[in-house]
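1. Here is my input, please return the structure:
(2 chains)
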There are 2 protein chains.
Amino acid sequence: MAEKTWVRMVTAQTPTNIAVIKYWGKRDETLILPVNDSISVTLDPAHLCTTTTVAVSPSFDQDRMWLNGKEISLSGGRYQNCLREIRARACEVEDKEKGIKIAKKDWEKLHLHVASYNNFPTAAGLASSAAGFACLVFALAKLMNAKEDNSELSAIARQGSGSACRSLFGGFVKWIMGKAEDGSDSLAVQLVDEKHWDELVIIIAVVSSRQKETSSTTGMRDSVETSLLLQHRAKEVVPKRIKQMEEAIKNRDFGSFAQLSCADSNQFHAVCLDTCPTIFYMNDTSHRIISCVEKWNCSEGMPQVAYTFDAGPNAVLIAHDRNAATQLMQKLLFCFPPSSDADLNSYVIGDKSILKDAGIEDIKDVEALPPPPEIKDAQRCKGDVSYFICTKPGRGPALLSDESQALLHPETGLPK
Amino acid sequence: MAEKTWVRMVTAQTPTNIAVIKYWGKRDETLILPVNDSISVTLDPAHLCTTTTVAVSPSFDQDRMWLNGKEISLSGGRYQNCLREIRARACEVEDKEKGIKIAKKDWEKLHLHVASYNNFPTAAGLASSAAGFACLVFALAKLMNAKEDNSELSAIARQGSGSACRSLFGGFVKWIMGKAEDGSDSLAVQLVDEKHWDELVIIIAVVSSRQKETSSTTGMRDSVETSLLLQHRAKEVVPKRIKQMEEAIKNRDFGSFAQLSCADSNQFHAVCLDTCPTIFYMNDTSHRIISCVEKWNCSEGMPQVAYTFDAGPNAVLIAHDRNAATQLMQKLLFCFPPSSDADLNSYVIGDKSILKDAGIEDIKDVEALPPPPEIKDAQRCKGDVSYFICTKPGRGPALLSDESQALLHPETGLPK
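-> Take a look at the predicted model:
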């Protein structure tokens, strides 16, 4: 470290993920070790991802972080755990061109700057912390030249936010609960990559809510302490479902996949209900979306769409293929049209080609949609859905080499 | 049976009941044998009951029944089971004054007229079938001079509607699931009568609903077939809860009573959620009522009110005493004021003295209510509750000897 002026930076992009076999309940609160395995699908980072730039410089006098442009504290235990673990794995870095040389032992003294940005609203309840911690750990590992593979990194990201470990891979991912007391074997593995089952289409309904939800950390703790069904689920139900779900994914068996996803989402919410004080994440709009999907699946004689809900009222709908997604979009827009002042362009975001396939170009096309024949007396609930995101299964973390995409200034290491 | 002109009649009144440890799931669909014991509180028949007149006459040429003034078919299996069982227990009847003599064997040939009336809306989802079948069986037993006690009669009423067996007694009642294959030991026993814990006050919020609910018969069957949590609940959770609840009732331990009631209501709804296709009985209004009660209980440091929900969105709230009920009424009316065109007199029915104690005489008093201090940003949701019923634990079945209360004409045996 001859001079104090250089800044070394890495920028990475990491997707969010949605569990189809749910994680609910920790057996260790500090290490974030779960009571059961879980399986998730990674969402296309084009529509839902976190971008994080990490920088190191001898000129930095403390670790600092900015989230969506606002400085936040890094003093929380979860950030500290990730920083400590990744620093312990840092290796020598040499960049002759820039005249940078960082010895392994230097990393303990050097400070970091982190800037992170979600391309979707943080408040929407779309697992922003999963993508966030995965991206932080992945970017730091690259910055620090850590040799660990993504599974090993996932065990670090896990200590930031449990579900973050599943965002280290694309496609379908399993978080193995592990057995070791130190959590070293509680990590994520990729089941199949995003190309394995690429006909799936995902539509997320971001549901308006009047109520503040219980945080998943608090809710999970209350469930472990009070639900008399949680341990039965974790020990007797989930292990079988994990096997069945792996099989369904491997065989692209949508019928089984949908049945298992819906049943497991419902069982997770059942455990929440069985908690004291009781927890409701789904609301009447969530229920209507489920009812709409179940009626259609039933009328078709086989599942066209799977639904799954995380710790909030938003529906994540996984359609068998583009054709099913197109029909689903029509049904959803009939039942949940935008409120009068909304424009369609901001009401359906992400992959807008689904909208085009559905023959919907403007608000008049939405108004002209016929009621889904399988729903008797279908009502139109304006304003109950805030917006829809059309997306698909996607890839894992990636480095962004284009410096223009960095969130920190290459010379000052401060947010651009 | 010298002449054909006489009509012999009996009129009875039977209460409805609400389970505090829930019945959900049959092990035998025809005999209606449950998968677990349940415990209920009988509601004051002054506010929620069925009145039934049964008549026999040699002039009747078929069994007929009128429910709330409308003739309905008696051909259903559940009616037929009750009629068959009670006829098998009929004994000789002699009324010298009227010159009536019915031999035991005559009952097989004689036809019956039944008229039944609920003093509350059938559609409100307030267990009208429980009171109805209990009243039918009780009245027929008296008409036919059957010697069976109320527990033995409860095993017959059970074959009409499971929860009906618990309406054969006042106070707190246990339905013992039994072991016998023929169902003979699946019957109700009284735990304590209505005087044992007479300070309890019950407020029922009849909640407006947009959705048609799954019938409890269908829902229960689907739960038994598909829920992976139901058997665990029935075998591992409920037996312990039944003992704890009996203890709580015996000791008038409201803290335990409330904790067990709320937890068991939530667990029953959790099992419904865990069913395929999933079942929601509670809606956003139900959730808001729970939240309102939980916040208050929490702020007081000990439960003031227990909540329990059956197969629908209506809340049954059991307050520790009159003082708690008065405060509860104020909080509920703040959060759920009547819609603008409703009058208070039909918005709060039953024991209106609670309203008086709460200092509420007209709609202006409702508007002037202060927000409950324990609820941050308390919202007022007009029209979400249809009406409230104020009541209390009540007595079991009773005969009405005053002929003016009979629902059938004493000479024709037809509805008045």
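2. what ranges do the strands span in the stretch 51-200 of chain A?
-> For the stretch 51-200 of chain A, applying DSSP state E, counting those that start in this stretch gives strands covering A:64-67, A:70-72, A:93-95, A:100-102, A:111-118, A:172-176, A:187-192.
3. right, and those - which one's nearest chain B?
-> strand A:172-176 (20.4 Å; C-beta to the nearest C-beta). C-betas here are computed from N, CA, C, even on glycine.
4. Name every strand pairing with the closest one and say which way it goes.
-> Note on strand A:172-176: by DSSP bridges, its sheet partners are strand A:38-42 (antiparallel), strand A:187-192 (antiparallel).
5. ranges for the strands of the stretch 301-416 of chain A?
-> Using DSSP E, counting those that start in this stretch, strands in the stretch 301-416 of chain A cover A:305-309, A:315-319, A:348-350, A:385-391, A:398-399.
6. Around chain B, pick out the residues from chain A.
-> Taking C-beta under 8 Å from any C-beta of the partner chain as the measure of proximity, chain A contacts chain B at A:210-211, A:226, A:228-229, A:232-233, A:236-237, A:259, A:262-263, A:266-267, A:269-271, A:273-278, A:280, A:283-284, A:287, A:290-291, A:294, A:298, A:379.
7. filter these to the buried ones?
-> A:228-229, A:232-233, A:237, A:259, A:262-263, A:266-267, A:269-271, A:273-278, A:280, A:283-284, A:287, A:290-291, A:294 (16 or more other C-beta atoms under 10 Å in any protein chain shown).
8. Among those residues, which lie within helices?
-> Judged by DSSP state H, the subset of those located in helices is A:232, A:259, A:262-263, A:266-267, A:269-271, A:273, A:284, A:287, A:290-291, A:294.
9. Tell me which of the strands of the stretch 51-200 of chain A sits most buried.
-> Scoring the strands of the stretch 51-200 of chain A by mean neighbour count under mean count of other C-beta atoms under 10 Å in any protein chain shown gives strand A:172-176 as the most buried, with a mean of 24.
10. what's in contact with that one?
-> Here strand A:172-176 makes contact (C-beta atoms under 8 Å, 6 or more residues apart in numbering or on different chains) with A:17, A:23, A:34, A:37-42, A:154, A:158, A:162-163, A:165-166, A:185-192, A:196-197, A:242, A:246, A:249, A:393.
11. Give the buried subset of the residues you listed as a PyMOL selection command.
-> Restricted to buried positions by 16+ other C-beta under 10 Å, the PyMOL selection for the contacts of strand A:172-176 reads:
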select buried, chain A and resi 17+23+34+37+38+39+40+41+42+154+158+162+163+165+166+186+187+188+190+191+192+196+197+242+246+249+393
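12. who's in contact with the nearest residue to A:Asp61 once chain neighbours are set aside?
-> What sits nearest to A:Asp61 in space, not counting adjacent residues and going by C-beta to C-beta, 6 or more residues apart in numbering or on different chains, is A:His111, at 6.3 Å. A:His111 makes contacts with A:56-57, A:60-64, as judged by C-beta under 8 Å, 6+ apart.
13. repeat for A:Arg158
-> Contacts of A:Arg158 by C-beta under 8 Å, 6+ apart are A:32, A:164-165, A:175, A:183, A:186-188.
14. can you redo these as CSV with distance to B:Ser216?
-> Shown next, in CSV, are these (distance: C-beta to C-beta, whole Å):
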residue, distance to B:Ser216
A:Ile32, 41
A:Ala164, 42
A:Cys165, 42
A:Trp175, 38
A:Gly183, 45
A:Ser186, 42
A:Leu187, 45
A:Ala188, 42
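15. Put together CSV for these, with pLDDT on each row.
-> Output for the contacts of A:Arg158, formatted as CSV (pLDDT from 0 to 100):
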residue, pLDDT
A:Ile32, 97
A:Ala164, 97
A:Cys165, 98
A:Trp175, 98
A:Gly183, 96
A:Ser186, 98
A:Leu187, 98
A:Ala188, 98
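16. Name the nearest of these relative to A:Gln13.
-> A:Ala164 (14.4 Å; C-beta to C-beta).
17. mind checking how far that closest one is from chain B?
-> 27 Å (C-beta to the nearest C-beta, to the nearest Å).
18. Check A:Arg158 too.
-> With C-beta to the nearest C-beta as the criterion, A:Arg158 and chain B are 27 Å apart.
19. Let me see the confidence value for that residue.
-> On pLDDT, A:Arg158 comes in at 98.
20. try A:Ala342
-> 78.
21. picking up where we left off before, which of the strands of the stretch 51-200 of chain A sits closest to A:Leu369?
-> Using C-beta to C-beta as the measure, strand A:111-118 is the one of these that comes nearest A:Leu369, at 31.7 Å.
22. Neighbouring strands of that closest one in the sheet, and parallel or not?
-> Counting by DSSP bridges, strand A:111-118 is paired with strand A:49-57 (antiparallel), strand A:64-67 (parallel).
23. CA atoms only: put it into CSV for me.
-> C-alpha atoms of strand A:111-118 as CSV (Å, rounded to 0.1, in the frame of the first residue of the first chain):
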residue,chain,number,x,y,z
HIS,A,111,-12.5,-0.1,5.5
LEU,A,112,-15.3,-0.7,3.0
HIS,A,113,-17.9,1.4,1.3
VAL,A,114,-21.1,-0.3,0.1
ALA,A,115,-23.8,1.1,-2.1
SER,A,116,-26.9,-1.0,-2.9
TYR,A,117,-29.9,-0.4,-5.0
ASN,A,118,-33.1,-2.5,-5.6
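24. Please tell me how far that strand is from the chain's geometric centre.
-> Centroid displacement of strand A:111-118 relative to its chain, using C-alpha atoms, centre = their mean, to the nearest Å, is 19 Å.
25. Please apply the same query to stretch A:88-106.
-> Computed by C-alpha atoms, centre = their mean, the chain-centroid distance of stretch A:88-106 equals 32 Å.
26. same check, this time on stretch A:70-88
-> With C-alpha atoms, centre = their mean as the basis, stretch A:70-88 stands 20 Å off its chain's centre.
27. and the end-to-end length of it?
-> One end of stretch A:70-88 sits 28 Å from the other (C-alpha to C-alpha, to the nearest Å).
28. A:Gly25: what's it in contact with?
-> Taking C-beta under 8 Å, 6+ apart, we find A:Gly25 in contact with A:34-36, A:220, A:223-224, A:230, A:234, A:271.
29. now with 6 Å?
-> A:35, A:220, A:223-224, A:230 (C-beta atoms under 6 Å, 6 or more residues apart in numbering or on different chains).
30. just A:Val20 next, same as before
-> For A:Val20, the contact set (C-beta under 6 Å, 6+ apart) comprises A:39, A:261, A:308.
31. A:Ala358 now?
-> A:326, A:329-330.
32. Give the closest residue to A:Asp182 in space, chain neighbours not counted.
-> Spatial nearest neighbour of A:Asp182, excluding adjacent residues (C-beta to C-beta, 6+ apart): A:Leu31 at 7.2 Å.
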